[in-house]
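Asker: Show me how the following folds:
(2 chains)
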Amino acid sequence: MLYFVRKALLFALPLIIMAMVFECVARLAPNEYKIKENLLKNHASEAELLIIGASHALYGIRPDMIDVKSYNLANVSETYDYSYFMLLHHANDYKKLKYVITTVGYYTFPYEKLETEAPFLCTAYRLYNDCYYHRNNPLYNFEIIYPEQCNQRIKAFFCGFESLKCDSLGWGNNYQLSRRPQNFCDIKNTMKWVKKHTAFNYENERYNYDCLCKIAKFCKDRKIKFILVSTPVWHTYAEKCNKDQMERMEHYINKVCKEYGATYRDYHNDPRFEDEDFFDVCHLTDNGAEKFTKILVNDLKLYNSSFASS
Amino acid sequence: MVVNSLNFLLFFIVVFIVYYLPFSRKNPRFQNTWLFLTSYFFYGFADWKMIPILLGATAVFYGIGWWLKKEMNQQNKAAASRITSLGVVIGVGVLLYFKYLNFFADSFADLLNAIGLNVSWTTLNIVLPIGVSFFTFKLISYVIEIHREHIEPCKNFIDFGTYIAFFPTILSGPIDRPNSFLPQLGGVRFFNYTLAVDGCRQILWGMFTKMCIADNIASITDTVWDTYSEQTGSTLLVVALLYYIQMYADFDGYSNMAIGVGKIFGFNITRNFNHPFLARNTAEYWRRWHMSLTSWITDYIFMPLNIAFREKGKLGIILACTINLIVIGLWHGANWTYGVFGLYHGLLFIPLVLLGSFGKNKKLKANSYGLPKLGDFVKMMGTFCLVSLGLVIFRASNIVDAFKYLLGIVSASTLSVPIISLGNTTLVFILLMIVVEWYQREKEHPLQFSGLFSKYRLLRWSVMYLLIAAIYLFQGNQSNFIYFNF
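Answerer: Reported below is the predicted structural model:
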């Protein structure tokens, strides 16, 4: 048996070496999480507005369109527990922070935990944002455990910054109108998204709500204006959303606003947004994000040295 | 805990190390006890609430085995037959209760409602124990083999429990017979380097077919099946063919992994597949597909039926085959589609029986180019298509869907270009699997190297490294093994 074990180790040796090489290359590749971490490291002290949340915030709100010094820290599929972490882990550096904006949508409260939905993203927070969640769990400390993600990282290593999907202020800039898929808003695609976002159960609601409350409390304690925003969605998507789930979302939003003095702006069914503003039924294109950000700035009066009104 | 998961790897390493401790050589019972405990842990990991059912059934049949032997020793043939029948009834009863009770009750209620007798039936919340179809068959064959005096009852309950609950095979087979497995539990299993290496290679091949082929095809077949009414005939046809490949890659993949793990622990487990793509007719297909199940059904259902119907000549054989295949179909689950699937294959046996070729087992020979002969190739293609169409019935959630799917294939759009996003790499892997299956048709699994590959380690290891790279880079979204559902 010792001979077998020796042979097995000899066989495994090149694989282990390759795995180590892949891991190193993957970690060296540029990625959005590193960019956001650098934004915070270098600019936390001067940031006046931070955008946190998931893809609706990432693609929908452009910091370059906002007068005050703004940075977009949102990431695809980010849940509130990770948004809270992103906000919190440079908390001591915030000297000028006045606003925190996050998006809240149809799927937000029932959303599965990131560890279930996309565990490879937990690894990204762990490795590139030094997230203390799962610090000692090997499943979240190595890129090679997730082959698809690792492949993408390795490709990014060779492509450099061209492969990145966000600009220098953290806004997700690859949802361009010219790259929008055909039939993005047909009933088949709409129903695919509605099905994806409609909950089978509400097991995770309480947890997500509690995480949102932590963010709200953080802002309240530091007298930071906390703004909740529902980004525009395609009208068919809005019509097909489950009414019960929508009502539950509104109930939680009202609770947060009441308890923590947060502001809520609802652009879910805003008629000002047209065909060309949507990349898919619930995400905005670059044009749509520009339009939306301008509307938001105007509505919240996010001008230099001003506070937003409720 | 699926075999191709990190959890299983950790479990396996622990079991392996303790199993081959030097201590075990001095204590023969130790290995079996360790396997018994770890098998129950493995089973309980899936669902601990099912452990009492497995343990209870094992204990009952252990007792029946000894009771049967006692009556046989006293030359009490009538009592022995009754006890055997009791064992069979209990085994089938367990299966019927957990798997089929709600199905038959609902079907009966539907029938009564259809003829105007309004009946309402509250479906019982019966949870199907994982692997019940597999371990009940092992239990039944144990009792029958004692009655046939092919084996003695197991002296040690731990040994018997290990046979029934053996963790590589408890969830999806192969269905080992007590005649072949129990003797292997007799003494200490010393580490066998050749067997272990062969087992590792078999596991690797199983992982490749499951993760690179079956899982990649699954995403396509599931999508098309969900929207089959909107698909073209050509798409439906291609997906039907792909589903056969997916089923084989998935189930053979699992079987290879299970057998490979068994080999590492020193066991020779019943082979489950013998390159079914190379079958030239449906009789040969069933001799090559899920062999542990078909041989079980053949020995315990077909043979007695064949004897009972022997005076009916060819009609008797046809009846026996059809009943046999309907039972095989229904074994898979509680749905009339499985029965119709079995009936379909039974009907395919008719021409073979009438022509007298159903029992023939002609060896496959290659032509001068090393490829299948043209006649054989045509037969293989025909059998492939027939099996694929049968699997449409198998896959459908009800008979209406099955027939709508089949009708969809036979439409004007059958001649159009199929709309399928099967990646080039998956297509290459499928072709690779088929080619390798042909050239390694005499081997138990394709990674039993011969020729230059057996001579040069670099070549062997290169093949294995390539497979590992393929598994890492091109694995599909992990889906459960199809046969876990049965």
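Asker: rest of the way, CA atoms for contacts and neighbours
Answerer: OK.
Asker: Show the model's pLDDT score for the closest residue to residue B:246 other than its chain neighbours.
Answerer: Closest residue in space to residue B:246, ignoring its immediate chain neighbours: residue B:214 at 4.5 Å, by Cα to Cα, 6 or more residues apart in numbering or on different chains. Note for residue B:214: predicted pLDDT of 94.
Asker: Run a quick check on residue B:214 versus residue B:252, I expect a contact.
Answerer: No: counting by Cα atoms under 8 Å, residue B:214 does not reach residue B:252; the two are 10.0 Å apart.
Asker: Those two: which is more packed in?
Answerer: residue B:214 (33 against 26; other Cα atoms under 10 Å in any protein chain shown).
Asker: For my notes, confirm that one occurs in a helix.
Answerer: Yes: applying DSSP: H, G, I helix; E, B strand; the rest coil, one finds residue B:214 inside a helix.
Asker: And the one helix or strand residue B:159 maps to, what does it pack against?
Answerer: Element membership for residue B:159, per DSSP states H and E: helix B:157-165. Applying 3 or more Cα pairs under 8 Å, 6 or more residues apart in numbering or on different chains; DSSP states H and E, one finds that helix B:157-165 contacts helix B:28-46, helix B:51-73, helix B:132-147.
Asker: again, only using 7 Å
Answerer: Packed against helix B:157-165 by the contact rule (3 or more Cα pairs under 7 Å, 6 or more residues apart in numbering or on different chains; DSSP states H and E) you find helix B:28-46.
Asker: distance between the helix it packs on and the chain's centre?
Answerer: Its chain's average C-alpha position is 22 Å from that of helix B:28-46, according to Cα atoms, centre = their mean, to the nearest Å.
Asker: Looking at the residue nearest to the spatial centre of chain B now. What's its pLDDT?
Answerer: Relative to the mean C-alpha position of chain B, the nearest C-alpha, by Cα atoms, centre = their mean, is the one of residue B:290, at 4.4 Å. Listed pLDDT for residue B:290 reads 94.
Asker: I'd like to know how far it sits from residue B:78.
Answerer: 34 Å (Cα to Cα, to the nearest Å).
Asker: Ok, residue B:326 next?
Answerer: 30 Å.
Asker: now the residue nearest to the centre of chain B: how far from chain A?
Answerer: 31 Å (Cα to the nearest Cα, to the nearest Å).
Asker: thought that residue was touching residue B:271?
Answerer: No: assessed by Cα atoms under 7 Å, residue B:290 is found out of contact with residue B:271, at 8.5 Å.
Asker: still on that earlier bit, I'd like the distance from the helix holding residue B:159 to the chain centre, please.
Answerer: The answer for helix B:157-165 is 21 Å, by Cα atoms, centre = their mean.
Asker: What sits closest to the residue nearest to the centre of chain B if chain neighbours are left out?
Answerer: Per Cα to Cα, 6+ apart, closest to residue B:290 is residue B:272, 4.9 Å.
Asker: Tell me the pLDDT of the one you found.
Answerer: 94.
Asker: Can you tell me the SS state at it?
Answerer: Assigned by three-state DSSP, the conformation of residue B:272 is coil.
Asker: How many residues are close by it?
Answerer: Using other Cα under 10 Å, residue B:272 has 25 neighbouring residues.
Asker: which residues sit in contact with it?
Answerer: Shown in contact with residue B:272 (Cα atoms under 7 Å, 6 or more residues apart in numbering or on different chains): B:174, B:255, B:289-292.
Asker: swap in residue B:83?
Answerer: Contacts of residue B:83 (Cα under 7 Å, 6+ apart): residue B:68.
Asker: Show me which positions of the helix or strand where it lies end up buried.
Answerer: According to DSSP H and E, residue B:83 maps onto helix B:77-95. Under the neighbour-count criterion of 16 or more other Cα atoms under 10 Å in any protein chain shown, helix B:77-95 has B:79-81, B:83-84, B:86-88, B:90-95 buried.
Asker: repeat for stretch A:3-12
Answerer: Here stretch A:3-12 shows no buried residue, counting by 16+ other Cα under 10 Å.
Asker: Mind listing residues that contact it?
Answerer: Applying Cα under 7 Å, 6+ apart, the set of residues contacting stretch A:3-12 from outside is residue B:193.
Asker: the strands in the stretch 101-250 of chain A, which residues?
Answerer: Counting by DSSP state E, counting those that start in this stretch, one finds strands in the stretch 101-250 of chain A at the ranges A:225-230.
Asker: can you list the residues of it near chain B?
Answerer: For the stretch 101-250 of chain A, the contact set with chain B under Cα under 7 Å from any Cα of the partner chain comprises residue A:147.
Asker: Just give the number of residues close to the residue of the stretch 101-250 of chain A found nearest chain B.
Answerer: Closest to chain B within the stretch 101-250 of chain A is residue A:147: 6.2 Å, counting by Cα to the nearest Cα. Number of residues near residue A:147 (other Cα under 10 Å) recorded here: 16.
Asker: Can you verify my assumption that it contacts residue B:471?
Answerer: No: applying Cα under 7 Å, one finds residue A:147 not in contact with residue B:471, separated by 9.5 Å.
Asker: Please report how far the closest residue to residue B:44 other than its chain neighbours lies from residue B:30.
Answerer: With sequence-adjacent residues excluded and distances taken as Cα to Cα, 6+ apart, residue B:44 is closest to residue B:51, at 6.0 Å. Counting by Cα to Cα, the gap from residue B:51 to residue B:30 is 22 Å.
Asker: do residue B:227 as well
Answerer: 54 Å.
Asker: In terms of neighbours, single out the busier of those two.
Answerer: Taking neighbours as other Cα under 10 Å, residue B:227 and residue B:30 compare with residue B:30 leading, 17 against 9.
Asker: From the structure, what's the count of residues near the spatially closest residue to the more buried one that is not a sequence neighbour?
Answerer: In space, residue B:30 comes closest to residue B:24 once its chain neighbours are excluded; the distance is 5.8 Å by Cα to Cα, 6+ apart. Residues lying near residue B:24 (other Cα under 10 Å) number 18.
Asker: Pretty sure residue B:24 sits in a strand.
Answerer: No: counting by three-state DSSP, residue B:24 falls outside a strand, being helix.
Asker: Was I right to think it contacts residue B:32?
Answerer: No: judged on Cα under 7 Å, residue B:24 makes no contact with residue B:32 at a distance of 9.8 Å.
Asker: Now residue A:134. Its backbone dihedrals?
Answerer: In terms of degrees, to the nearest 10, the main-chain angles of residue A:134 are phi 60, psi 30.
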